[in-house]
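Enquirer: When you get a sec, could you give me coordinates for this:
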Amino acid sequence: MTTPNGSAKRRPPYGANPSLGASGNRARAEILSAARELFGEAGYHGVTVDQIAQRAGRSGPAVYQYFENKEEIFRIFVDELGAELIAHAKTAGAVVGPDGFDALRRFIGGLSALFQKHRVTAIEWPSAEAADQQLLTPAEAFLHRFAEEVRPRLGLSTVATGHDTLRSVPMAMLSIVQWAEYTRAARSPELTPQRLNDSLARLFYGVITHAGHTDNLAVAARDHSKGGPGILLSNPGSPMAGLRRPVTLRNRPTVERILHAATQVFARKGYAGSNIQQIAEQAQVGKPSVYTYWTDREALFSTLAGRASVALQRVLSHDVAAEVLSSGEGGSQWLDEWIDLVVQHGAVLHIWTHETALDGTALGALAEQMTAFVTDRLTALVPGPQPEGHNPVPVLLWALLVEFPYTMSVQLPELERAELRELLQHMIHFGLPAIREETAV
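Expert: Next comes the predicted model:
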């Protein structure tokens, strides 16, 4: 049975339940705790009910006494996260006014803390939805309710119009704050959450307070000085990396079909949660067909990583600041090209940053080199000198220009392409200049 919002009807996951008794309540809590740990270690798709039972010190049938399946367990976690997001949304305060920035900084700090607390659920939410469409309704409902609660409190429009880009700011805030925190924890743990949250608050403060001046992005065009050559790639990757035989006109359709399927599987399940069997099934070919061209999963991912590397070098080889900051059309052409790249290669970029399975491997070395190259080039979009100490800008830029468009285009497609592009324009032209006003934390 389901409730009106699509969630499964169930007993409360925590607290005393007279119908279960002390032993039953303890068993239920232990199963949930074990599931949360395993989802964090292996991902939603990499965990079975039997593994949850074993971690909880129980049998598989014992789990089914309390939960219908793995999906119901995860729905409980989704409901917990969603309920806390809605409660936090109601604490947002007006940005305009003498205390507006401090209120926004507190709100973003609280949002970041929520994502730290519910890290496993927030990361696995999109992939779990792809496997179980029953999760889609409550998940989307929470996202939209959050946006509805936040808009009037921040002074944003509550009316859906094609001309009000700022009405999408709450969605952007959820995604960017989440992935900025996770990128910080994964790749820049020396950067304090407080300093990152301060920069995030300034980013959104700049966007929101320029609401009355955004009809023409040309007003935001500004002078910029191009720096030196930046990071030079010692091993820039190859689109043919990983392949065990050359691509010909005859075999190209099969190779492309398998690569497309691999991208879809990696996007849903991540690198650690994927295997050749899943990729073959997605491509509707036999496993021998995959092994004809690649020796293993690592080799197949090498091909995708090589292609992503080549695409990144092509898009970032120009003077990004000139194309985006000083163009009369606000960088629309470059942003369209960039969004296309993120949609096509976002799964690789996401895995580069957030999966530890590649650490210490040749693929991991390429990932480190390319993420440094990307953030080095994108830093040209932020005016002024680099801040002293641990720099929040690379983390913020990765969340803004990689994770946010990837999430909104592929994982949880909630924004139309034009709306996403316009919102990114506002973030770049009005938000990024504001983060240079930060003080040392």
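Enquirer: where in the stretch 1-150 of the chain is pLDDT low?
Expert: For the stretch 1-150 of the chain, residues meeting the criterion pLDDT under 70 lie at 1-20, 126-138.
Enquirer: Now do the helices for it: every range, in order, please.
Expert: Using DSSP state H, counting those that start in this stretch, the helices of the stretch 1-150 of the chain run over residues 21-42, 49-55, 60-64, 70-89, 100-117, 119-131, 136-154.
Enquirer: Once you drop chain neighbours, what's closest to Ala357?
Expert: Among residues not flanking Ala357 along the chain, Ala272 sits closest, at 4.6 Å (C-beta to C-beta, 6 or more residues apart in numbering). (C-beta placed from N, C-alpha, C; glycine too.)
Enquirer: re earlier: looking at the helices of the stretch 1-150 of the chain, which is nearest to Phe266?
Expert: With C-beta to C-beta, the closest approach to Phe266 among these belongs to helix 119-131: 10.5 Å.
Enquirer: rewinding a little: would you turn the helices of the stretch 1-150 of the chain into CSV with mean neighbour count and distance to Ala372?
Expert: Below are the helices of the stretch 1-150 of the chain laid out as CSV (neighbours: other C-beta atoms under 10 Å; distance: least, C-beta to C-beta, whole Å):
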stretch, mean neighbour count, distance to Ala372
helix 21-42, 17, 27
helix 49-55, 18, 36
helix 60-64, 15, 44
helix 70-89, 19, 32
helix 100-117, 19, 24
helix 119-131, 20, 23
helix 136-154, 18, 32
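Enquirer: Out of these, which gets nearest to Ala321?
Expert: Closest among these, using C-beta to C-beta: helix 100-117, at 26.4 Å.
Enquirer: Report how many residues lie close to Gly93.
Expert: 15 (other C-beta atoms under 10 Å).
Enquirer: can you pull the contacts of the residue lying closest to it once chain neighbours are set aside?
Expert: Nearest non-adjacent residue to Gly93, counting by C-beta to C-beta, 6+ apart: Ala103, 3.6 Å away. Contact analysis of Ala103 by C-beta atoms under 8 Å, 6 or more residues apart in numbering lists 92-95.
Enquirer: could I get the helices of the stretch 1-150 of the chain as CSV with distance to Ala434?
Expert: Below are those laid out as CSV (distance: least, C-beta to C-beta, whole Å):
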stretch, distance to Ala434
helix 21-42, 34
helix 49-55, 45
helix 60-64, 50
helix 70-89, 23
helix 100-117, 10
helix 119-131, 26
helix 136-154, 15
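Enquirer: among these, which is nearest Pro288?
Expert: Taking C-beta to C-beta, helix 119-131 is the member of the helices of the stretch 1-150 of the chain nearest to Pro288, at 26.4 Å.
Enquirer: Show me what the one helix or strand Leu424 maps to is packed up against.
Expert: Assessed by DSSP states H and E, Leu424 sits inside helix 417-426. In terms of contacts (3 or more C-beta pairs under 8 Å, 6 or more residues apart in numbering; DSSP states H and E), helix 417-426 is packed against helix 332-354, helix 404-406.
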